[in-house]
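> quick one, structure for this:
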Amino acid sequence: MLDLVDIFEHVRSMVGGEVPPRRKSRPKKTVSATAPAPSHRVSFPMRVGLMDWERKLIELTARQRFQNDRHAGIHDRRVQSDLFGWKRDLLGMAGEFVFGKGFGVWVDWDTSPRSGGVDCKLPTGLTVDVKATDRPQGRLICPLKDPEKLSADIFVLVNVTLPLTEEARQRFDKPAFGIIQGWAWAEDMLDRRAVVGLKKQDSGDVVDTYVINNTLLHRTQPKTAMPTREDYPCVHNAVSDRSLKST
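This next block holds a predicted model:
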């Protein structure tokens, strides 16, 4: 039985019309039954950009945190000498926001007085303590704490590039972003073998501090599964050079 196309061509040939060549049907596209599986791990370093309104929100929250903590008599035990005034709160808030935005988890905007604690919680159930630095070669640093009183499951290092001058804050014409460098287990971060004597630049005093070098941090993390110690072993050879200055 002729189809409609064959009939049309037959009629045109009878009246002397030029019969155009019949168009060949296009081969059907074959769809793979198994699409490539997405990566189940998050890779670091991870760059996270900050928009203008995000920068302003971070600044306002940091200023309020600083005021509330000072009024409550809470003073940070700073290691980096140039982190004075509310700059330390700004750096810390920016680091928390960058991590939350990069991982798609809730950022804690609470401005009530507090010291230490958990910054956020991952879908896997892991609690996170974010440590931020504005130095490119910064390391994961934590003041001495009792290892039996861990506040979080893992520690994360975030490098923050956030213009801090008054002119830059008003114009917002310079890029602001953060880079999530990697992470370490809390019991590894607070291991006595990670203790380093850091020299404070303002007083010259040497203060024992937990330190893990950037290069030793874990560079991946499962998206939905709980990381295991077999896949992500603890870093026990953190730092041995006690002559290093603060970062």
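> all strands of the protein, in order?
41-43, 46-50, 120-121, 127-133, 140-143, 154-161, 176-185, 195-199, 206-212, 220-222 (DSSP state E).
> quick one: the second one to strand 154-161, angle?
I take that to be strand 46-50. Using axes from the mean of the first three to the mean of the last three CA atoms, to 10 degrees, one finds that strand 46-50 and strand 154-161 are set 50 degrees apart in direction.
> who does strand 46-50 pair with, and is each partner parallel or antiparallel?
strand 176-185 (antiparallel) (DSSP bridges).
> then the first one?
Sheet pairing for strand 41-43, assigned by DSSP bridges, gives strand 220-222 (antiparallel).
> cool, the third one as well?
The strands beside strand 120-121 in its sheet (DSSP bridges) come out as strand 127-133 (antiparallel).
> what does the partner strand contact?
Applying CB atoms under 8 Å, 6 or more residues apart in numbering, the external contacts of strand 127-133 come out as 80, 91-92, 94-96, 98-99, 116-122, 139-142, 151-160, 178, 183, 186, 247. From N, CA and C alone the C-beta is placed, and that goes for glycine too.
> 6 Å - rerun?
With CB atoms under 6 Å, 6 or more residues apart in numbering as the test, strand 127-133 has contacts from 91-92, 95-96, 99, 118-121, 140, 151-160.
> buried ones among those residues?
91-92, 95-96, 99, 119-120, 140, 151-160 (16 or more other CB atoms under 10 Å).
> show me what the helix ranked longest in the chain is packed against.
Using DSSP state H to define each element, the chain has its longest helix at helix 52-71. Contact partners of helix 52-71 among helices and strands, from 3 or more CB pairs under 6 Å, 6 or more residues apart in numbering; DSSP states H and E: helix 87-103.
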